[in-house]
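Student: Next comes the sequence, and after it the predicted model I'd like to discuss.
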Amino acid sequence: MFELHPGAHIRYVAVDGKASGVLTDRIETNVRGQAVIKAVVRKNNRVVSPGFTGEVDRTSGEATCQTSLHHPLLWTPETPECYELEVQLWMKNKLCHVVTKKIGFRTIEVKPKDGVYLNGKKIRMKGINRNTFWPESGRTSSESLSIRDVNLIKEMNMNAVRMSHSAPDKHFLEACDSLGLMVINELTGWQDAYATPVGKQLVRELVRRDVNHPSVVMWANGNEGGFNEELIPEYARHDIQQRPVIQPWMLFGGINTRHYISYDYGAAEMFHGHDLFMPTEFLHGSYDGGHGAGLEDYWNLMRNHPLSAGGFLWDFCDSGIKRTDQNGQLDAMGDYAADGIVGPYREKEGSFFAVKEIWSPVFIEDKIITSAFDGKLNIENQFDVTNLDQCRFEWKLLKVEDWKHADSITGVVRPPYLEPGQKGSLQIPLPPGWNRYD
């Protein structure tokens, strides 16, 4: 016999959805009696998995459930496919509590001396560091601001964002889940490590709060020397997905994340070593002439070296606070506050457009257009998972007679079938006589 707890409920759900389709759920309840967990997976309000169950342990109140989906749609930054998991707690054939979680199916791996893999494909991080900041509210944010920032980051053709110094709002991670950005989630701080007792508690809270976000692909144990390696086992203790752990600004876990290396040093040392190289901060916006200056040189080096896993620019937005005691003037402490790619109100500067072009997933080889141009352009697919035939190409032919008059012809090009990494050509159907200037 057992007593039916009037407040019987599910305390916590942790989910591991692999790219293979295997789904494992770990559930904690407040129940200490005979109880059963029942679960189901939905996509667009349609059940896509068989129901699966697990018995609640009478001592710990915990249960583990597992099922498998056949060829699930995988979460990637280019295809941020999400599902809904519904978990039910049953006692004496009575439904006591229901919890739903947004989940994704994906597998992240760090293969030492090889690369970072998402769903079995090697990827490179085209990333940015982001702090939560807005002139009128400081570090108090909103869901609309999170969505705006994620869209701006993706507009620059980035696929990743690093949480640096301050923890993200839940709605920012939810936006990364839905819109598609890989996240390095940090035990936030700077240079000073947490003592072990408080650090263990903070790691537990960090992982348990954010464990189910498919966008979160790595944990960062501190930043720039603020490392307590006694905390490393705590991530695996609480993370059902066993995500990789890095320590930004050092070689750890098979990845060298050293910050702000000079181009010559990187060319001579980092790209001739045996470890993966992924600077979690580079091209500091305050000191390196803007984020777009030099990025193409770095990126060409990175994308042509097999041990490069990409990198993260510093940083996203200017941090200027609106001073009500100074007639609304924006105060950035001189040049001390962060200098980002966008302004404090998300104004786009030149580097925004430079980064967008350099990190474009479709590379079109430079070509001087002369009267002998046959409409053929050499292109390369630099997406991670998307075939180029999923894109739409438009062209415009412009004839300028003088500064007041211009005629144009536009059209659409059928995209070629090119897998990620493949090169090919794009054929523009030029109209007859397009090159006559008289």
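Tutor: Yep, it's here. Keep in mind it's a predicted model, so treat the numbers as computed, not measured.

Student: For this protein, name the helix or strand with the lowest mean pLDDT.
Tutor: Within the chain, no helix or strand scores below helix 263-268, which has a mean of 68 by mean pLDDT, DSSP states H and E.

Student: what comes into contact with the helix or strand following that one?
Tutor: Heading C-terminal from helix 263-268, the first helix or strand you meet, by DSSP states H and E, is strand 276-277. Outside strand 276-277, the residues that touch it by C-beta atoms under 8 Å, 6 or more residues apart in numbering are 110, 112-116, 254-256, 258, 266, 270-271, 305, 307-309. Using the backbone N, CA and C atoms, a C-beta is placed for each residue, glycine as well.

Student: Now do the residue lying closest to residue 343 once chain neighbours are set aside against residue 294, distance only.
Tutor: Computed as C-beta to C-beta, 6 or more residues apart in numbering, the closest residue to residue 343 that is not its neighbour in sequence is residue 318, at 5.0 Å. As judged by C-beta to C-beta, to the nearest Å, residue 318 and residue 294 stand 20 Å apart.

Student: quick one, which of the two is more surrounded?
Tutor: Per other C-beta atoms under 10 Å, whichever of residue 318 and residue 294 has more neighbours is residue 318, with 23 against 14.

Student: Does that one touch residue 342 like I think?
Tutor: Yes: between residue 318 and residue 342 there is a contact at 7.3 Å, judged by C-beta atoms under 8 Å.

Student: Can you report how many residues neighbour residue 407?
Tutor: Neighbour count for residue 407, taken as other C-beta under 10 Å: 9.

Student: Whichever strand or helix holds it packs against which elements?
Tutor: Using DSSP H and E, residue 407 falls within strand 406-413. On a contact count with 3 or more C-beta pairs under 8 Å, 6 or more residues apart in numbering; DSSP states H and E, strand 406-413 meets strand 393-400.

Student: Next, please give the residue ranges for the helices of the chain.
Tutor: 143-155, 170-179, 196-210, 232-238, 263-268, 295-303, 350-358 (DSSP state H).

Student: Between those helices, which one is closest to residue 27.
Tutor: Smallest distance to residue 27 across the helices of the chain (C-beta to C-beta): 12.9 Å, for helix 196-210.

Student: just the angle between the closest one and helix 170-179, please?
Tutor: 50 degrees (axes from the mean of the first three to the mean of the last three C-alpha atoms, to 10 degrees).

Student: Show me what the residue nearest the centre of the chain is bridged to.
Tutor: Geometric centre of the chain, nearest residue: residue 182, 1.7 Å, by C-alpha atoms, centre = their mean. Applying DSSP bridges to residue 182 gives these bridge partners: residue 160.

Student: close enough to count as contact, it and residue 217?
Tutor: Yes: shown here, residue 182 and residue 217 form a contact pair, counting by C-beta under 8 Å, at 4.8 Å.

Student: and for the two, which residues touch both?
Tutor: With C-beta under 8 Å, 6+ apart, residue 182 and residue 217 have common neighbours residue 118.

Student: can you give me the strands in the stretch 1-150 of the chain?
Tutor: Here the stretch 1-150 of the chain has its strands, by DSSP state E, counting those that start in this stretch, at 10-17, 22-29, 36-43, 46-47, 52-55, 62-68, 83-91, 94-103, 108-111, 115-118, 121-123, 125-130.

Student: Restrict the longest one to CA atoms and write it as CSV.
Tutor: Right, strand 94-103. Extracted in CSV, the C-alpha atoms of strand 94-103 (Å, rounded to 0.1, in the frame of the first residue of the first chain):
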residue,chain,number,x,y,z
LYS,A,94,-5.1,8.8,-12.3
LEU,A,95,-3.3,11.5,-14.3
CYS,A,96,-1.7,13.7,-11.7
HIS,A,97,0.6,16.1,-13.7
VAL,A,98,1.6,16.9,-17.2
VAL,A,99,4.8,18.7,-18.4
THR,A,100,5.7,19.7,-22.0
LYS,A,101,9.2,20.5,-23.3
LYS,A,102,10.4,21.8,-26.6
ILE,A,103,13.2,19.4,-27.7
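
Student: going forward, begin numbering at 31 instead of 1
Tutor: With the count now opening at 31, the last piece we talked about shows up as strand 124-133.

Student: ok, that strand: who's next to it in the sheet?
Tutor: strand 113-121 (antiparallel).

Student: How about the shortest one?
Tutor: In the sheet, strand 76-77 lines up against strand 66-73 (antiparallel) (DSSP bridges).

Student: Looking at residue 440 now. What's its pLDDT?
Tutor: pLDDT recorded at residue 440 is 88.

Student: Would you confirm that it contacts residue 423?
Tutor: No: contact criterion C-beta under 8 Å: residue 440 and residue 423 do not qualify, at 11.5 Å.

Student: More neighbours: those two, which one.
Tutor: residue 423 (17 against 9).

Student: tell me the contacts of the more buried one?
Tutor: 442, 443, 444, 445, 456.

Student: and it, bridged to which residues?
Tutor: residue 443.

Student: Tell me how far it lies from residue 393.
Tutor: Relative to residue 393, and taking C-beta to C-beta, residue 423 is found at 13 Å.

Student: Show the contacting residues for the closest residue to residue 439 other than its chain neighbours.
Tutor: In space, residue 439 comes closest to residue 427 once its chain neighbours are excluded; the distance is 4.5 Å by C-beta to C-beta, 6+ apart. Contacts here follow C-beta under 8 Å, 6+ apart; on that basis residue 427 touches 438, 439, 440, 460, 461, 464.

Student: The strand holding residue 437 versus strand 423-430: what angle between them?
Tutor: Using the same axes, to 10 degrees: strand 436-443 against strand 423-430 is 160 degrees.

Student: Which positions in strand 436-443 come out as buried?
Tutor: For strand 436-443, a neighbour-count test (16 or more other C-beta atoms under 10 Å) marks residue 443 as buried.

Student: now swap in stretch 409-429 and tell me
Tutor: 409, 410, 411, 412, 413, 414, 416, 418, 423, 427.

Student: what's the closest of those to residue 276?
Tutor: The closest of the buried residues of stretch 409-429, once distances to residue 276 are taken by C-beta to C-beta, is residue 414, at 19.8 Å.

Student: dump the residue contacts of that closest one.
Tutor: Residue 414 neighbours (C-beta under 8 Å, 6+ apart): 106, 107, 108, 148, 151, 153, 189, 450.

Student: quick revisit: what does the residue nearest to residue 373 show for phi and psi?
Tutor: Note on residue 348: backbone dihedrals following degrees, to the nearest 10 are phi -70, psi 140.

Student: can you pull the pLDDT of it?
Tutor: Reported pLDDT at residue 348 in the predicted model: 90.

Student: what do you get for residue 43?
Tutor: The per-residue pLDDT of residue 43 was computed as 98.
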